[in-house]
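Asker: Sequence plus the predicted model coming up.
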Amino acid sequence: MSYTVLARRYRSQSFDEVVGQEHIARTLRNAIDLERTAHAYLFVGTRGVGKTSMARLFAKALNTTDSPEREAVERTIMSGEDVDVIEIDAASHGGVDDARDLIANATYRPMRGPYKIYIIDEVHMLSQAAFNALLKTMEEPPEHVKFILCTTEAHKVPATIQSRCQRFDFRAINTDAIAKHLTRVLGQEGIAASEDLVFAVARLGNGSMRDALSILDRLLAALEPGATLDLELLQRLMGLPERQVMHELIAAFAGSDPAAAMEHSDELVRRGIAVDQLLVSLAEALRDLMVLRVCGDGTTLVEASQNARQEMAALASRFDAPALVHMVALVESVGLSMKNAVSQRAMFDALMVRMAMTEKLADAAALLRGAPAAARVPARSASRGSPPKKA
């Protein structure tokens, strides 16, 4: 049998299994229980956050009956093959003729369930003529017809269409929720994985459960039989900088050691990691340190495993918050300038040296301005372990 990817095998099969969009699942279930379902819905959100899955779950709940065919109906709805739940990809069926065919077929009653439900994915891809053709039907459809429109770009859906729908905005799924779901998936797959690996994959998903599961699929394909999924495999497969080397690089910044900074950054480059990817990873690492320094070790604004959080907190204590703010801005500025640089490597190396010499450059600037030594604000502090007290 052909392999089915994790994102399809572990798709939610009931409202109770929904991850990250529980508020929407609860609202739709209540609407069914109270018999207050609308004739048209608009599901809005970025990719991989559960719009199509929620549409199928809603359709299944609407068309489930106590007939002997109940299990077969539920199975075909969730697989997108039911005769009464018609899924349409607007990217390939977005013309006015497709809309007219839909309108003509909507007049016929459903074959098995109480409703004929149209799920139109990427609805913003419909042509203007197709939207115009649908207007009247969507405002006053036959009593047995319901529409569920899904889109990643709501601003491209005409206001006349949106006004005829109940809109639900799907938010990006937080890293903790994705990590918990990945842990459940790995448990059911019988695969051992480190906590750091799970959190790293969840973060790379960037709010998309499907993206995170796709990354996990790639890792499982590269895993040796009987081995444990770990952070090293992810870094090697995704071309990410090794966390320990990145930690040592930032420690070189804290110690004002340009030579060590250049050696560690060169080690990352020699491992085949692209310079632009290094800058992205460095900016994210510095951002996490800044948040830990400002908000404290227990903040929920930094998403990391317990072991990684302890290491990051210890490193953050070696910096002052203003220095971290300056360094994040510096990496961002160089990243933008890198595209037009004559030599990207020269600019990258200069950045590493500058980051390690921030305190010395600040002192020199203060001397040139004639500022008294007492008025100078240190860029970082290796001795202080907590933020400066407010006056």
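Answerer: Noted; the coordinates are in hand. Note that this is a predicted model, so its numbers are computed, not measured.
Asker: dump the residue contacts of the residue nearest to residue 91 when sequence neighbours are not counted.
Answerer: Nearest residue to residue 91, sequence neighbours excluded (CB to CB, 6 or more residues apart in numbering): residue 125, at 4.6 Å. For glycine as for every other residue, the C-beta is placed from the backbone atoms N, C-alpha and C. By CB atoms under 8 Å, 6 or more residues apart in numbering, the contact set of residue 125 is 90, 91, 94.
Asker: And residue 125, how far from residue 59?
Answerer: Distance, residue 125 to residue 59, using CB to CB, to the nearest Å: 21 Å.
Asker: Which parts of the stretch 151-300 of the chain are strands?
Answerer: Ranges of strands in the stretch 151-300 of the chain, per DSSP state E, counting those that start in this stretch, are 166-169.
Asker: Where do the helices of it begin and end?
Answerer: 159-162, 175-189, 195-204, 209-222, 231-238, 243-254, 258-270, 275-295 (DSSP state H, counting those that start in this stretch).
Asker: swap in the stretch 1-150 of the chain?
Answerer: Taking DSSP H, counting those that start in this stretch as the test, the helices found in the stretch 1-150 of the chain are 6-9, 22-33, 51-63, 70-78, 96-106, 128-139.
Asker: tell me which element the residue nearest to residue 282 when sequence neighbours are not counted falls in.
Answerer: Leaving aside its chain neighbours, residue 282 sits nearest to residue 331 (5.5 Å; criterion: CB to CB, 6+ apart). Secondary structure assignment for residue 331, by DSSP states H and E: helix 321-337.
Asker: Going along the chain from that helix, find the next helix or strand for me.
Answerer: The first helix or strand that comes after helix 321-337 along the chain, using DSSP H and E, is helix 344-356.
Asker: I would like the residues contacting that next one, please.
Answerer: So helix 344-356 is contacted by 249, 252-253, 255-258, 260-262, 265, 269, 275, 278-279, 327, 330-331, 334, 337-338, 341, 361 (CB under 8 Å, 6+ apart).
Asker: Report the angle between that helix and helix 258-270.
Answerer: Interaxial angle, helix 344-356 versus helix 258-270 (axes from the mean of the first three to the mean of the last three CA atoms, to 10 degrees): 140 degrees.
Asker: Point out where the protein drops to low pLDDT.
Answerer: For the chain, applying pLDDT under 70 flags the ranges 1, 359-391.
Asker: List of residues touching stretch 281-289?
Answerer: 240-241, 246, 249-250, 302, 304, 312, 315-316, 319, 324, 327-328, 331-332, 335.
Asker: now do stretch 222-239
Answerer: 186, 191-194, 196-197, 200-201, 204, 215, 218-220, 240-243, 272-274, 277.
Asker: if you set the cut-off to 6 Å instead, what comes out?
Answerer: Residues from elsewhere that reach stretch 222-239 (CB atoms under 6 Å, 6 or more residues apart in numbering): 192, 193, 194, 196, 197, 200, 219, 242, 273.
Asker: what does stretch 88-103 give?
Answerer: 120, 121, 122, 123, 125, 126, 127, 129, 130, 133, 134, 137.
Asker: Including distance to residue 20, could those go into CSV?
Answerer: CSV is the format used below for these (distance: CB to CB, whole Å):
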residue, distance to residue 20
120, 23
121, 19
122, 20
123, 22
125, 25
126, 27
127, 32
129, 36
130, 31
133, 35
134, 30
137, 32
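Asker: For PyMOL, write the selection for the buried entries among those.
Answerer: Selection of the buried residues among these in PyMOL, burial being defined by 16 or more other CB atoms under 10 Å:
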select buried, resi 120+121+122+123+125+126+130+133+134+137
